[in-house]
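J.: Okay, predicted coordinates and the sequence, questions at the end:
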Amino acid sequence: MQITVVERAQKIQIQEQEIVRRERELDSKVRKPAEAEKFRLEKIAEANKSVQAHYLDPLCFYSHLELFW
């Protein structure tokens, strides 16, 4: 009876360790790369928005036209 309890406790401990290992694997293979890609896309979007705002500014637009006249 006592051996069964010890074996069950060991199995539970192994399962808990496996859960921790899978969680770390998920972080390194899925979550971190996804967060990095999200950050990269946000920075690109911010840059595009900044460029668009710059060129949509009427004063900026006309100052660029002066270069061609």
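T.: Noted; the coordinates are in hand.

J.: Quick one: neighbours of K11, just the number.
T.: Per other CB atoms under 10 Å, the neighbour tally for K11 reads 10. The C-beta positions use only the backbone N, C-alpha and C, and glycine is treated the same way.

J.: In contact with it, which residues?
T.: Not one residue lies near K11 by CB atoms under 8 Å, 6 or more residues apart in numbering.

J.: quick thing: my sequence starts at 517, can you match it?
T.: Fine by me, first position is 517 from now on; the one you just mentioned is K527.

J.: Tell me which helix or strand it sits in.
T.: helix 518-542 (DSSP states H and E).

J.: Helix or strand next in line after that helix, which one?
T.: helix 548-572.

J.: packing partners for that following helix?
T.: If you count contacts as 3 or more CB pairs under 8 Å, 6 or more residues apart in numbering; DSSP states H and E, helix 548-572 packs onto helix 574-584.

J.: Mean confidence (pLDDT) on the helix it packs on, please.
T.: For helix 574-584, mean pLDDT rounds to 60.

J.: repeat for stretch 529-540
T.: The model assigns stretch 529-540 a mean pLDDT of 97.

J.: related to what we said a few turns ago, how distant is the helix holding K527 from the center of its chain?
T.: Centre-to-centre, helix 518-542 and its host chain are 30 Å apart (CA atoms, centre = their mean, to the nearest Å).

J.: now stretch 525-543
T.: Taking mean C-alpha positions (CA atoms, centre = their mean), stretch 525-543 and its chain are 24 Å apart.

J.: Can I get that stretch in PDB, CA atoms only?
T.: In PDB, the C-alpha atoms belonging to stretch 525-543 read as follows (Å, rounded to 0.1, in the frame of the first residue of the first chain):
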ATOM      1  CA  ALA A 525       3.700  10.700  -5.700                       C
ATOM      2  CA  GLN A 526       6.700  10.200  -7.900                       C
ATOM      3  CA  LYS A 527       4.500  10.000 -11.000                       C
ATOM      4  CA  ILE A 528       2.800  13.300 -10.000                       C
ATOM      5  CA  GLN A 529       6.200  14.900  -9.500                       C
ATOM      6  CA  ILE A 530       7.300  13.700 -12.900                       C
ATOM      7  CA  GLN A 531       4.100  15.000 -14.500                       C
ATOM      8  CA  GLU A 532       4.600  18.400 -12.900                       C
ATOM      9  CA  GLN A 533       8.200  18.600 -14.200                       C
ATOM     10  CA  GLU A 534       7.000  17.700 -17.600                       C
ATOM     11  CA  ILE A 535       4.400  20.500 -17.400                       C
ATOM     12  CA  VAL A 536       7.100  23.000 -16.500                       C
ATOM     13  CA  ARG A 537       9.300  21.700 -19.400                       C
ATOM     14  CA  ARG A 538       6.500  22.000 -21.900                       C
ATOM     15  CA  GLU A 539       5.700  25.500 -20.700                       C
ATOM     16  CA  ARG A 540       9.300  26.600 -21.200                       C
ATOM     17  CA  GLU A 541       9.400  24.900 -24.600                       C
ATOM     18  CA  LEU A 542       6.200  26.800 -25.600                       C
ATOM     19  CA  ASP A 543       7.700  30.100 -24.400                       C
END
